[in-house]
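# Have a look at this prediction, sequence included:
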Amino acid sequence: MDHNKLLGEFLRARREVTTPAQAGLVDGGPRRTPGLRREEVAMMAHVSTDYYIRLEQGRERHPSERVLGALARVFDLTPEATAHMHALAHPLLRPARAPARRLSSDLRKLIDSWPDTPALICDGLMNVMAANRLADALYSGFEERDNLLRMIFLDPVARDFYPEWGKSARSKVAHLRLAAGVLLDDHRLTELVGELSVKSADFRRLWARHDVSSKVGEVKRMNHQEVGELELTCEIFSVNSVEGLQLITLMAQPGSASEQALKLLGSLAAPARSSRVPS
């Protein structure tokens, strides 16, 4: 991963997915390439076309705050995507993040105390550090359950498990892009992106879009092999005691069919076993 080109790659990807209508321009009809033209972006950002081209090509890597703010407005970036762009533009200001430490026994006990709520502890690369019994049962159809990205892109059962596979896949890739803003120097990120890029054309396509987003409050539909369809709300919480770790919960609406399905799944699940990740 060439850090010197990441800002340019991000800008080019955002330009190609931003339509003239989204940018407030009159659509002049079909275009040879998708999205905005470079000269249109330059005009709206109040910079020269040559300067903007240098940004995309990675020959200009130190845009001012004014230029970054203008580009964020042109591409209608979310606050998360804007912060990600700033991190790419100013890598020396990006705080170094060490790999997440191993989990405390108290954190394991916390998620194990929730018999009716699937819960996972993941790091920024979506490696599964721990899962409670109901989460293990929920994902029992997957052959490997060490990383949420490998599961959705490399395991054949994923497309049956996620009825809205495309939505779930886009969400996970956008979440990884968000995490990558502070993990660019982590060799594990390079290895994971390389592996997924080689093995999955869908991942390559979505990674190239440079979408950036968190997954807070996302409703997920799942199709479990034993209890059928589930509709669960995914909530993500930062673990303040260990930088980089996140607690993921999947909750059903009270009184819903999904809540009953989770209870049935809990009754079918084998007794709790020791975590796959050693403490």
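Alright, I've got the coordinates.

# in stretch 244-257, what counts as buried?
Neighbour counts over stretch 244-257 (16 or more other Cβ atoms under 10 Å) mark Gly244, Leu245, Gln246, Leu247, Ile248, Thr249, Leu250, Met251, Ala252 as buried. Backbone N, C-alpha and C define where each C-beta goes, glycine included.

# cool, stretch 226-244 as well?
Here stretch 226-244 shows Val227, Leu230, Glu231, Leu232, Cys234, Glu235, Ile236, Val239, Val242, Glu243, Gly244 as buried, counting by 16+ other Cβ under 10 Å.

# related to what we said a few turns ago, restricted to strands, list the buried residues of stretch 244-257.
Those of these mapping onto strands are Gln246, Leu247, Ile248, Thr249, Leu250, Met251, per DSSP state E.

# ok, so of those, who is nearest Leu265?
Leu250 (11.3 Å; Cβ to Cβ).

# where exactly do the helices run in the stretch 151-279 of the chain?
158-161, 165-180, 187-199, 201-209, 257-268 (DSSP state H, counting those that start in this stretch).

# for the closest residue to Ser213 other than its chain neighbours, what are its contacts?
Leaving aside its sequence neighbours, Ser213 sits nearest to Ala174 (Cβ to Cβ, 6 or more residues apart in numbering; 4.0 Å). Going by Cβ atoms under 8 Å, 6 or more residues apart in numbering, Ala174 touches Asp211, Val212, Ser213.

# Phi first, then psi, for the first one.
For Asp211, the backbone dihedrals are phi -70, psi 140 (criterion: degrees, to the nearest 10).

# State the pLDDT value of it.
Asp211 carries a pLDDT value of 92.

# wait, it sits on Arg177?
Yes: contact criterion Cβ atoms under 8 Å: Asp211 and Arg177 qualify, at 6.3 Å.

# Mind listing residues that contact stretch 220-239?
107, 118, 121, 138, 140-141, 160-164, 168, 214-219, 245-253, 256-258, 261-262, 264-265, 268.

# er, stretch 197-209 I mean
Contacts for stretch 197-209 (Cβ under 8 Å, 6+ apart): Ala13, Val17, Leu149, Phe153, Leu154, Ala169, Arg170, Val173, Arg177, Val193, Leu196.
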